[in-house]
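Peer 1: requesting a structural model of the entry that follows:
(2 chains)
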Amino acid sequence: MSDNASRLPLWRAALVMARRDFRAILFSKAFLFFLLGPIFFGAISATAGALGAKAAESSDPPKLAVALSDAENAAFAKAHENLAEAVGLPAIVTVPDSDRRDAAELLADKSDNFGAVLTGSLETPQLTGTEERIARWQGEVALLSAQALGGSSAELPDVNLSPTRTSVATIRSAQTATATGAITLLFLLTMLLAGMVLSNLVEEKANKIIEILAAAIPMEAVFYGKLFAMLAVSFVGIAVWGGIALLVLTLGSAALGPIPEPAVGWPLFVILFVTYFATAYLLIGSIFLTIGSMAPTVRDVQTLSMPATILQLAVFFLATYSLSDPGSAAEIFAVLFPVSSPYAMVARAAQSPVLWTHAAALAWQLLWVAIFVRTGSGLFRKLVMKSGAGGGHTKPRFLFGRKARS
Amino acid sequence: MLTEPNAKPRPLTDTSPPLAIEAKGLVKRFDDTLAVDGVDISVPEGAIYGILGPNGAGKTTTLRMLLGIIDPDEGVRRIFGHERPHEIARLIGYLPEERGLYPAMKCDEAIGFLGALRGLPVEEGKRRGREMMEAHGLGHAIDRQIRQLSKGMAQTVQLLGSLVHKPKLVVLDEPFSGLDAINQGKLEGMIRELADDGTTVIFSTHVIHHAERLCDDVAIIAGGKVPYAGSVDAARDRIPAQVRLETANGEGEWRSALPDDARHDAKAHGGHFWYFPVPESGIEALLKRLIEGGAGILSLSIERAGLHDAFVEIAGEAAARALDEDAAGDLA
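Peer 2: Below is the predicted model of the structure:
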């Protein structure tokens, strides 16, 4: 018999393993939990997104553009100066006559973070901005106008409200919320998946299958099979939830109103999110699988996986912290550090329309995926049969020793 | 040491039977423990080969090295001439000592999966699995999950899974362990059938009777070393044939015909048993002296030494005692 007929190629061996794992997980209760997971994740991500938006507002609060006549601008600014210490007021930027533009144009100018624009006159002020924003600032504008006119605060002018659909401030806020939500979702998904792949391996060792696998196929094939089976399972989950989200958005688009787009647009953002999710999972999954190969019991897994979980948390906090300050040293470090790179880049996709950085980052991440998976599979092969595989009646020694069998 | 993974060609003049397994100087250390110390094994194709030794002797470690699950620290192993067992994984079937299957899998799926690991298409493996289960009286359990089976049934399913791809070499680590007497008998039958079909079978055991009944050749292993590897007959022939004499009388002139170190067992009903090697002067001369001396012969037989005697002779009393204790532990 020829060699080719006597050996299962690595990819086919991995496929046998992946197929088994994929089917086993897909028809398990764990997958149901995984499918329900996004409900909780969605709630957490939405909360995180809202908190992120608030944080973004705190770090770069939206301003009121004052586009009255030059004289009235000066009076309004003086009134703002007088009252700012006593009353909480939005920051203002006066727009001189020479730079007079349409309110919509000012709101769309991304160089300033305008939340609303004040036009008309001090007697008949007109406030243009998103409905929520102008409703919130209506009182302050009336107060400042009255003060600028020199009248008492009891005689406030009526402020005409002109609601618009978006503003730079709301777009920024929405993009920050999207970035924070995406990072949180990415973190939670990869953490759940890495935990699942780890449990799967430990269960396999408990079932004493691992020795049969080790005898039949290269351990690298087991490693690859497990890693990619879980990725495929996650894609099923993402497809299900993506489909539901698409359906909701399609059917409820009228009720929901316009949804602010991420900087790269929704279609590309979704593609990038899935791609970064895959790289983030492969990076952390290979670490967890290597840890699993060393641990013979669930208790040992918990102990050994602690540093990796802490690393994941650190990466999450780093990416969340750095998204509010794009281009900072922390953000660039987050982009370059392999494990945090997918998180930082998905935040960039939400906040910046520049695309070449994604091509470069993906190439960088894929390089590290190759390094991690190769190193992980090599360690897996060395460690998995030295940690009491098939054992159970004797206490296995891992990391610092190996246990002899009869 | 060979590094070429391809089969090593045999010289044209070589007329000895081709070897399924050839291992020379296998050494494996686990930290400070020398688990296997220079094991040499040669298993001819089509043979039933036993690795006989007490628990902890190095049987499993040796088999794991032969299968490529772990690599030896020193020495060479060749399976059908290949140094890397994974290269010829399709030709090998393996039943590990620690049985294991996915509990949620149905029986035919489990057999199909085990076959797929060895290159058999899953559906073909499942089809063969169903046929094999029917043939072994397990047809009623085909659609059951592994977790619903008894230990013996699950073990049989795993064994069938290791055979479903029709391997040329079957490696069984303590295959009789955990089976009742009926299933042990069935397994012995299966092993003989495999050998009849030309399959090489190597199994480890600490029960001498299985090795004695089944094996053409054995390797006796104790303390990580193999003091004997060869045919069962040759092992038994290392000890001279024993005379088993039963006499009515315990004393008399005839006693001078027996060697000084003859072992004596007095029986409750008054008979006496004597055990000693066949004398150099021959059995006829002995008989004459016993009759003339008035021994009162009740029976006399010449018995060939058993494998157990050979094991004691080869591996020593301590190893034999450990072997007996392990075997007794199986029955407990």
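
Peer 1: pLDDT value on the residue nearest to the spatial centre of chain B, please?
Peer 2: By C-alpha atoms, centre = their mean, the mean C-alpha position of chain B lies nearest to B:Gly50, the distance being 2.7 Å. Note on B:Gly50: pLDDT of 96.

Peer 1: isn't it up against B:Ile208?
Peer 2: No. Using C-beta atoms under 8 Å, B:Gly50 is not in contact with B:Ile208, being 9.2 Å away. Any C-beta I mention is one placed from the backbone N, CA and C, and that applies to glycine too.

Peer 1: so where's the longest helix in chain A?
Peer 2: helix A:168-206 (DSSP state H).

Peer 1: in it, what counts as buried?
Peer 2: Using 16 or more other C-beta atoms under 10 Å in any protein chain shown as the test for burial, helix A:168-206 gives A:168-198, A:200-202, A:204-205.

Peer 1: just the helices in the stretch 301-406 of chain A please.
Peer 2: A:329-336, A:341-351, A:356-383 (DSSP state H, counting those that start in this stretch).

Peer 1: for A:Gln138, give its distance to A:Pro125.
Peer 2: Going from A:Gln138 to A:Pro125 by C-beta to C-beta, to the nearest Å gives 9 Å.

Peer 1: higher neighbour count, these two?
Peer 2: Between A:Gln138 and A:Pro125, A:Pro125 has the larger neighbour count (other C-beta atoms under 10 Å in any protein chain shown), namely 26 against 18.

Peer 1: which ones are touching that one?
Peer 2: Residues near A:Pro125 by C-beta atoms under 8 Å, 6 or more residues apart in numbering or on different chains: A:Leu68, A:Leu118, A:Thr119, A:Val141, A:Ala142, A:Ser145, A:Pro157, A:Val159, A:Asn160.

Peer 1: apply 10 Å and report the result again.
Peer 2: A:Pro125 sits next to A:66, A:68, A:72, A:76, A:118-119, A:138, A:141-142, A:144-146, A:148, A:156-161 when contact means C-beta atoms under 10 Å, 6 or more residues apart in numbering or on different chains.

Peer 1: give me the pLDDT for A:Val87.
Peer 2: Reported pLDDT for A:Val87: 77.

Peer 1: ok, it - how many residues close by?
Peer 2: As a burial measure, A:Val87 scores 13 neighbours (other C-beta under 10 Å).

Peer 1: now stretch B:23-42: mean pLDDT?
Peer 2: For stretch B:23-42, the per-residue pLDDT averages 91.

Peer 1: tell me which residues in that stretch are buried?
Peer 2: Quick answer for stretch B:23-42 (16+ other C-beta under 10 Å): B:23, B:26-30, B:34-37, B:39, B:41-42.

Peer 1: what's the overlap in contacts for A:Gln138 and A:Pro125?
Peer 2: Joint contacts of A:Gln138 and A:Pro125 (C-beta under 10 Å, 6+ apart) are A:Leu156, A:Asp158, A:Val159, A:Asn160, A:Leu161.

Peer 1: which element, helix or strand, includes the residue in chain B that chain A sits nearest to?
Peer 2: Going by C-beta to the nearest C-beta, chain A is nearest to B:Gly100 of chain B, at 2.9 Å. Using DSSP states H and E, B:Gly100 falls within no helix or strand.

Peer 1: my read: it touches A:Ile209, true?
Peer 2: Yes. Contact criterion C-beta atoms under 10 Å: B:Gly100 and A:Ile209 qualify, at 4.5 Å.

Peer 1: pick out whichever of these two has more residues nearby.
Peer 2: A:Ile209 (24 against 21).

Peer 1: where in the stretch 51-200 of chain A is pLDDT low?
Peer 2: Flagging of the stretch 51-200 of chain A using pLDDT under 70 yields the residue ranges A:51-60, A:108-111, A:151-154, A:165-173.

Peer 1: can you give me the strands in it?
Peer 2: For the stretch 51-200 of chain A, the strands defined by DSSP state E, counting those that start in this stretch cover A:63-66, A:92-94, A:114-120, A:125-130, A:160-164.

Peer 1: just give me how far the third one sits from the chain centre.
Peer 2: Using C-alpha atoms, centre = their mean, to the nearest Å, the mean C-alpha position of strand A:114-120 is found 32 Å from that of the whole chain.

Peer 1: swap in the first one?
Peer 2: What separates the centre of strand A:63-66 from the centre of its chain is 31 Å, taken as C-alpha atoms, centre = their mean.

Peer 1: which residues does the nearest residue to A:Phe316 once chain neighbours are set aside contact?
Peer 2: Excluding the flanking residues, the one nearest A:Phe316 by C-beta to C-beta, 6 or more residues apart in numbering or on different chains is A:Phe187, at 4.3 Å. The contact partners of A:Phe187, by C-beta under 10 Å, 6+ apart, come to A:41, A:44-45, A:48, A:280, A:284, A:312-313, A:315-317, A:319-320, A:342-343.
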